[in-house]
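1. got a predicted model here, sequence first, then my questions.
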Amino acid sequence: MAESLITLEEVDVADLPPLAQDLVALIGFGATIRLIDARPGLPTYVPKVTSDSHFLTGIIGMHVFALLVRNYGGEMLTLPNCKFALTKIRHRNVIKLRSTGYSQTEVAALTGLTPRQIRNIESNLPEDDLNGSLF
C-alpha cells in the first residue's frame, strides 16, 4: 500500500483480507498500513515480550507494538499485501476522476496508469455507471 498515501476514507475495510481487518480493529488503520507497507506478504514473528529494540517498534510504535504482542505474541503472522483492496481503490479513483470531467489521458497522467488501463477499467463497469451522468 506504499504506492500512495491511502486513507481510511478510500478503503472499504471489508475489501481487506481477514488478518488485515483484524489488525485494523486491534491497532487502527494507520498502524496496520505501516505494518503492511513494511512487510507485505512476508511472514513476521511477533515476539512474546515487547522490546524497544525490536524492528516492529520502529514501524508502529511501542504502544501499538504492545497491543500486537498481547494479542499475537509468539505467533508468526503472514501479513497480506492487500493487492485486491489497492486495485479497488485505484478503480474508484479512476471512476471519480472521469466522472468529474477529466479525459482518459488526464486521468492516466494523474494516476500513473496508461490511457489503455483507464479504458480497461471503464470497460469493466456496468453500462449505468458509464452513462449515468449523461442524462
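-> Received it, and whenever you're ready, just let me know what you need.
2. what segments of this protein are strands?
-> For the chain, the strands defined by DSSP state E cover 43-45, 76-78.
3. mind checking which of the ones you listed is nearest residue 28?
-> Between residue 28 and the strands of the chain, the shortest separation by C-beta to C-beta is 16.3 Å, and it involves strand 76-78. All C-beta spots, glycine's among them, are computed from the backbone N, C-alpha and C.
4. how far is the lengthiest helix in the chain from where the chain is centred?
-> Counting residues, the longest helix found in the chain (DSSP state H) is helix 83-99. Per C-alpha atoms, centre = their mean, to the nearest Å, the displacement of helix 83-99 from the mean C-alpha position of its chain is 12 Å.
5. send the alpha carbons of that helix over as CSV?
-> Taking Å, rounded to 0.1, in the frame of the first residue of the first chain, the C-alpha atoms of helix 83-99 are listed here in CSV:
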residue,chain,number,x,y,z
LYS,A,83,-3.5,-6.0,-3.7
PHE,A,84,-7.2,-6.5,-4.1
ALA,A,85,-8.1,-3.6,-1.9
LEU,A,86,-5.5,-1.4,-3.7
THR,A,87,-7.0,-2.3,-7.1
LYS,A,88,-10.5,-1.4,-5.9
ILE,A,89,-9.2,2.0,-4.6
ARG,A,90,-7.4,2.7,-7.8
HIS,A,91,-10.6,1.8,-9.8
ARG,A,92,-12.7,4.0,-7.6
ASN,A,93,-10.3,6.9,-8.0
VAL,A,94,-10.3,6.5,-11.8
ILE,A,95,-14.1,6.4,-11.9
LYS,A,96,-14.3,9.5,-9.7
LEU,A,97,-11.8,11.5,-11.8
ARG,A,98,-13.6,10.5,-15.0
SER,A,99,-17.0,11.5,-13.6
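6. report the buried residues of it.
-> 85-86, 88-90, 93-95, 97-98 (16 or more other C-beta atoms under 10 Å).
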